[in-house]
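1. Okay, structure incoming, though there's no sequence with it:
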């Protein structure tokens, strides 16, 4: 499994928002500039994040985006699932339970996918920000 730029950049953008908002709206242009990303690309990602209830948009002068919940209540997994979809490392059916292919899928690939999901589901945006501030 390899995350697309959408997942990687989206996580970076939300981490930037959490780090720089202080509860105030942040313009996408400011995030784009700090993170060296395209405004248009961010707009499409933030549309999906808004529809998923992870961010809110504030209209007007001084507007921008804010987190819809606290950074301690948003997991990295929630962000990635919105932007990437399923994080499974293989995309094949288990087929017959006695087939070698099905056995490998269940024993190896599904196990790895569960562990990946467990990590991203337990790392909160706040944890990420705290860790990055320490660097």
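-> Looks like it came in fine. This is a predicted model, so every value here is computed, not measured.
2. I'd like to know how many residues surround residue 85.
-> The criterion is other Cβ atoms under 10 Å. On that basis, residue 85 has 11 neighbouring residues. C-beta here means a position set from N, CA and C on the backbone, and glycine is covered the same way.
3. what does residue 3 give?
-> By other Cβ under 10 Å, neighbour count at residue 3 equals 14.
4. cool, and residue 83?
-> Neighbour count of residue 83, defined by other Cβ under 10 Å: 24.
5. how about the longest helix along the chain: buried residues?
-> Secondary structure of the chain per DSSP state H: the longest helix is helix 5-21. Buried residues in helix 5-21, defined by neighbour count with 16 or more other Cβ atoms under 10 Å: 6-7, 9-19, 21.
6. Could I get the average pLDDT for that helix?
-> What helix 5-21 shows for mean pLDDT is 96.
7. Direction-wise, compare the helix or strand following that helix with helix 5-21 and give the angle.
-> Downstream of helix 5-21, the first helix or strand assigned by DSSP states H and E is helix 28-35. If you take axes from the mean of the first three to the mean of the last three Cα atoms, to 10 degrees, helix 28-35 sits at 100 degrees to helix 5-21.
8. Mind giving me the packing neighbours of helix 28-35?
-> Where contact means 3 or more Cβ pairs under 8 Å, 6 or more residues apart in numbering; DSSP states H and E, helix 28-35 is packed against helix 5-21, helix 39-51, strand 64-67.
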